[in-house]
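**Student:** got a structure for you, letters missing:
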């Protein structure tokens with residue numbers, strides 16, 4: 001029987017650290033928004049999108065399988081394999097960028113930072129390694145260490161951002177600070193794993209056997225993750241390319257202040273939910289009790305703040321960040337509903353792969369990306385203003401997140 005008081009305790013432990021991790025960015029946001037220009041943020045969020053997409057898929061998504069084996073040794077082997085694959089992929093990308101950086105930058109309209117694009121695979125590998133190590137810590141129920149890792153990432157990133165901004169490095173300062181943050185978090189996780197977890201698994205045959213056993217993860221989850229990351233992270237690049245650097249900066253600032261903290265907040269629920277749901281599936285064959293309990297909590301927790309966001313966002317952004325960021329507040333107002341639906345659905349999405357419904361994830365992510373592409377295509381076709389695109393994206397994301405929630409409910413009522 002699941003002890004929900006234990007679940008709540010673990011969520012509170014992760015949330016406490018998440019609160020402190022996000023307190024610093026919000027405390028510095030008003031200063032940073034005045035140090036860096038809107039165009040600086042436009043370039044930075046395009047770079048961050050590349051890092052996010054590459055970091056998410058370069059491991060082959062084998063880190064998602066780390067919770068599945070009963071043997072700790074097998075879980076460690078999967079973690080090491082995921083990191084090795086990520087290193088190989090990112091090293092290859094680094095070589096390509098060193099050879100063709102100018103051409104690639106021209107293709108994605110990032111000529112101003114073409115000479116620094118090689119930093120992206122370094123940041124992506126650090127992000128990917130950190131994610132793989134976090135799954136090992138999650139398996140050990142080391143929620144305190146996961147929380148401290150978030151605090152380290154936030155602290156290093158934001159103080160680097162402040163220092164490099166005062167040095168007037170512009171977009172370069174934003175990019176380098178992100179790299180420092182990911183490297184610091186990965187190093188912390190590596191240092192605080194148990195000694196036995198740091199031992200290299202030398203049995204290549206065993207590792208190959210595990211890769212074969214969990215081959216459905218790269219086959220299904222890499223496309224699904226690529227679709228998801230593309231639909232969530234490509235907009236800054238496309239907005240910059242099709243509209244303007246300022247519009248990309250306004251959109252990026254909105255997502256930076258709202259979507260990322262919400263994702264981290266949701267991650268706190270997901271880390272605890274995932275572990276408990278895994279236990280229920282092993283015991284009951286499903287995870288309906290913890291699913292509906294968590295769904296209710298997420299809905300009630302998110303309802304009030306997102307309602308407030310809808311009414312005060314333009315005023316709050318212009319007062320807090322300065323008048324040049326008023327447009328970001330308007331974007332946030334339009335995104336109040338999809339952000340709320342994302343907050344509810346994202347922590348529960350791990351149910352799909354815990355129940356081995358990876359193909360369904362791919363279908364849902366394809367639907368989401370299709371809706372995003374449709375929003376961009378229609379806005380570009382009618383030569384609409386950027387604000388019309390933002391409204392279209394808001395509708396597209398809302399439909400996509402509703403589809404995910406409905407799919408989860410149907411799946412748990414009648415597993416496929």
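**Tutor:** Arrived safely. Keep in mind that this is a model prediction, so the values were computed, not measured. Numbering: from 1, shown residues only.
**Student:** For the nearest residue to residue 183 once chain neighbours are set aside, grab the count of nearby residues.
**Tutor:** If the residues on either side of it in the chain are set aside, residue 183 comes closest to residue 126, at 4.7 Å by CB to CB, 6 or more residues apart in numbering. Placement of C-beta: from N, CA and C, glycine included. Applying other CB atoms under 10 Å, we find 24 residues neighbouring residue 126.
**Student:** now the one 5 residues further on
**Tutor:** Summarising burial for residue 131: neighbours were counted as other CB under 10 Å, giving 22.
**Student:** Residue 164 versus that one, what's the distance?
**Tutor:** Distance of residue 131 to residue 164, given as CB to CB, to the nearest Å: 25 Å.
**Student:** and the residue nearest to residue 183, what is it in contact with?
**Tutor:** By CB atoms under 8 Å, 6 or more residues apart in numbering, residue 126 lies in contact with 55, 179, 182, 183, 185, 186.
**Student:** let's see 6 Å
**Tutor:** Going by CB atoms under 6 Å, 6 or more residues apart in numbering, residue 126 touches 182, 183, 186.
**Student:** Return the distance of the first one relative to residue 42.
**Tutor:** Put plainly, it is residue 182. Using CB to CB, residue 182 is found at 21 Å from residue 42.
**Student:** picking up where we left off before, and the residue nearest to residue 183, which helix or strand is it part of?
**Tutor:** For residue 126, the host element (DSSP states H and E) is helix 119-139.
**Student:** Tell me where the model's unsure across the protein.
**Tutor:** For the chain, applying pLDDT under 70 flags the ranges 1-22, 194-204, 260-261, 263-264, 414-416.
**Student:** these two touch, right, residue 133 and residue 189?
**Tutor:** Yes. Under the criterion of CB atoms under 6 Å, residue 133 makes contact with residue 189 at 3.8 Å.
**Student:** Looking at the two, which one has more neighbours?
**Tutor:** Taking other CB under 10 Å, residue 133 and residue 189 do not tie; residue 133 has more neighbours (28 against 24).
**Student:** How about the contacts made by that one?
**Tutor:** 189, 190.
**Student:** How much space separates it from residue 72?
**Tutor:** Residue 133 sits 14 Å away from residue 72, going by CB to CB.
**Student:** same thing with residue 208?
**Tutor:** 19 Å.
**Student:** since we're on residue 340, how many residues are nearby?
**Tutor:** Neighbour count for residue 340, taken as other CB under 10 Å: 22.
**Student:** And the next helix or strand past the strand or helix carrying it?
**Tutor:** Residue 340 is part of helix 336-345 when elements are defined by DSSP H and E. Using DSSP H and E, the next helix or strand after helix 336-345 towards the C-terminus is helix 350-354.
**Student:** Show me which residues of whichever helix or strand comes after that following helix are buried.
**Tutor:** The helix or strand immediately downstream of helix 350-354 is helix 358-381, counting by DSSP H and E. When burial is assessed from 16 or more other CB atoms under 10 Å, helix 358-381 yields the following buried residues: 358-362, 364-365, 367-369, 371-372, 375-376, 379.
**Student:** Equivalent analysis for stretch 396-413, please.
**Tutor:** 396, 397, 398, 400, 401, 403, 404, 405, 407, 408, 411, 412.
**Student:** For the first one, give me its contacts.
**Tutor:** For residue 396, the contacting residues are 371, 372, 375, taking CB under 6 Å, 6+ apart as the criterion.
**Student:** Setting aside sequence neighbours, what's the nearest residue to it?
**Tutor:** Nearest one to residue 396, counting by CB to CB, 6+ apart, is residue 371 at 3.8 Å.
**Student:** which ones are touching that neighbour?
**Tutor:** Counting by CB under 6 Å, 6+ apart, residue 371 touches 396, 399, 400.
**Student:** Output these in a markdown table, with distance to residue 254 appended to each entry.
**Tutor:** Formatted as a markdown table, the contacts of residue 371 follow (distance: CB to CB, whole Å):
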| residue | distance to residue 254 |
| --- | --- |
| 396 | 16 |
| 399 | 20 |
| 400 | 18 |
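**Student:** Let me have those residues in a markdown table, extended by distance to residue 253 and secondary structure.
**Tutor:** Converted to a markdown table, these look like this (distance: CB to CB, whole Å; DSSP: H, G, I helix; E, B strand; the rest coil):
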| residue | distance to residue 253 | secondary structure |
| --- | --- | --- |
| 396 | 20 | helix |
| 399 | 25 | helix |
| 400 | 22 | helix |
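**Student:** which one among these gets closest to residue 288?
**Tutor:** residue 400 (23.7 Å; CB to CB).
**Student:** ok, that closest one touching residue 368?
**Tutor:** Yes. Proximity of residue 400 to residue 368 meets the contact threshold set by CB under 6 Å, at 3.7 Å.
**Student:** Overlap of the contact sets of these two?
**Tutor:** Common contact partners of residue 400 and residue 368 (CB under 6 Å, 6+ apart): none.
**Student:** contacting residues for the closest residue to residue 223 other than its chain neighbours?
**Tutor:** In space, residue 223 comes closest to residue 362 once its chain neighbours are excluded; the distance is 5.2 Å by CB to CB, 6+ apart. For residue 362, the contacting residues are 220, 223, 224, by CB under 6 Å, 6+ apart.
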